[in-house]
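Asker: With the sequence up front, the predicted model follows.
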Amino acid sequence: MTEEARAILEQFEVRKSQKQKEAFRDYLCPLLRENGYAPEIRLEKGLGRSCNIIVGDPETAKLIFTAHYDTCAVLPIPNFITPRNLLWYGLYQALLMLLIVLPGFAAELALLMLWPDAPFGAALGVVYLVLAFCIWWMLDGKANRHTANDNTSGVVTLTEILLALPEELRGGICGIYFDNEEKGLLGSRALAKRCKGAQKRALVVNFDCVSDGDSLQFFPSKAVKKEPETLALLEECFAASGDKTSEVVRSFGLYPSDQACFARGVGVCALKRNKIFGWYMDRIHTGRDRMFDGRNIDLLRAGALRLARAYGEKHGENS
């Protein structure tokens, strides 16, 4: 890992408030300029205020590498994800919803115990207020101070790729640091709506939570699954070695991240395996998100460079 990328992990791990995001952008953009790029900070129109950092032209690029740079609020339990097991995925999401709803009804019960004749509207209002507070906490609560995997790992990976990308390959490739993924993919949705070329035609490879797990897995969209050549190219370029494995998931897979906003999106993450849950991801959105395996970033950077060269040869970008 380069010293520049390591600085992101050591100095800009928290990027939740506008001030924290601005400090990160103030570090990243001069770094990219020093390496021959012309990054654009784009305030996207949409729900909320999303400042995407764009390197290259997403409207004309054939290949786009992305990662979200915003970070989440700290939660009492992790966002446990099983992207290849729909049953456990659904059960855990239902549990999260239950944990959001229960405090509201507990507050209503407490109100009725203290005020048995409370009007129905007052009791219902308490439920709504507590629910609103729980939802606010999930989105805008206290910042998680440890974001090694989610998604400092993706930000470092994207930065490493851009810094290592040869100049002759840069013409047909774009890099995007998305804002507000944690609030519902707001930055990527806004860009996809504005840039139809990126939304419909480009291959969008999105790095999200890639440093905590020995299996690097690629989740292609339905459109990409119908492209045998693209699937084979991903497998060839991102082949792992040693105790690391890689897999392009051709069967069921549901990985919720920014690539979902693009027709030809591919989500990339690192997973662990359990006999009960199958492939899973844990620790994120909590103070335990401290695992940063630099070997994963090295493998992904090398694979991305091979993919970039293959795309350059295919589309005549190599000089």
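Answerer: Received it, and whenever you're ready, just let me know what you need. Numbers count the residues shown, from 1 in each chain.
Asker: contacts and neighbour counts: CA atoms only from here.
Answerer: Fine.
Asker: those strands in the chain, which residues are they?
Answerer: 40-44, 50-55, 63-68, 173-178, 203-207, 215-220, 245-248, 265-274, 278-280 (DSSP state E).
Asker: Save the ones you listed as TSV, and put in distance to Ala308 too.
Answerer: Shown next, in TSV, are the strands of the chain (distance: least, Cα to Cα, whole Å):
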stretch	distance to Ala308
strand 40-44	21
strand 50-55	15
strand 63-68	7
strand 173-178	7
strand 203-207	11
strand 215-220	16
strand 245-248	17
strand 265-274	15
strand 278-280	28
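Asker: okay if I get these as JSON lines plus mean pLDDT and mean neighbour count?
Answerer: Written out in JSON lines, the entries for the strands of the chain read as follows (pLDDT from 0 to 100; neighbours: other Cα atoms under 10 Å):
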{"stretch": "strand 40-44", "mean pLDDT": "95", "mean neighbour count": "16"}
{"stretch": "strand 50-55", "mean pLDDT": "97", "mean neighbour count": "23"}
{"stretch": "strand 63-68", "mean pLDDT": "98", "mean neighbour count": "26"}
{"stretch": "strand 173-178", "mean pLDDT": "97", "mean neighbour count": "25"}
{"stretch": "strand 203-207", "mean pLDDT": "98", "mean neighbour count": "27"}
{"stretch": "strand 215-220", "mean pLDDT": "98", "mean neighbour count": "25"}
{"stretch": "strand 245-248", "mean pLDDT": "97", "mean neighbour count": "18"}
{"stretch": "strand 265-274", "mean pLDDT": "97", "mean neighbour count": "22"}
{"stretch": "strand 278-280", "mean pLDDT": "96", "mean neighbour count": "17"}
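Asker: quick one: low-confidence parts of the stretch 101-250 of the chain?
Answerer: Within the stretch 101-250 of the chain, the ranges that satisfy pLDDT under 70 run 111, 120.
Asker: Off-centre distance for stretch 91-110?
Answerer: 26 Å (Cα atoms, centre = their mean, to the nearest Å).
Asker: Outside of that stretch itself, list whatever touches it.
Answerer: Stretch 91-110 is contacted by residues 80-81, 123-124, 126-131, 134-135 when judged by Cα atoms under 8 Å, 6 or more residues apart in numbering.
Asker: from these, which single one is nearest Ser257?
Answerer: Ile81 (11.8 Å; Cα to Cα).
Asker: Correct me if wrong: that closest one contacts Phe277.
Answerer: No. Contact criterion Cα atoms under 8 Å: Ile81 and Phe277 do not qualify, at 9.5 Å.
Asker: for the residue located most distally from the centre of the chain, what are its contacts?
Answerer: Distance from the C-alpha centroid of the chain peaks at Asp117, with 48.2 Å (Cα atoms, centre = their mean). If you count contacts by Cα under 8 Å, 6+ apart, Asp117 has none.
Asker: What is the neighbour count of the closest residue to Pro83 other than its chain neighbours?
Answerer: Distances taken as Cα to Cα, 6 or more residues apart in numbering put Leu254 closest to Pro83, at 4.8 Å, once the chain neighbours are dropped. By other Cα atoms under 10 Å, the residues close to Leu254 number 18.
Asker: Next one: Leu254 from Leu163, what distance?
Answerer: As for Leu254, its distance to Leu163 is 30 Å (criterion: Cα to Cα, to the nearest Å).
Asker: just Thr230 next, same as before
Answerer: Between Thr230 and Leu163 the distance, using Cα to Cα, works out to 24 Å.
Asker: out of those two, which sits in the busier spot?
Answerer: Neighbour count, other Cα under 10 Å: between Thr230 and Leu163, Leu163 has more, with 19 against 14.
Asker: thought the more buried one was touching Gly36?
Answerer: No. Using Cα under 8 Å, Leu163 is not in contact with Gly36; the gap is 9.1 Å.
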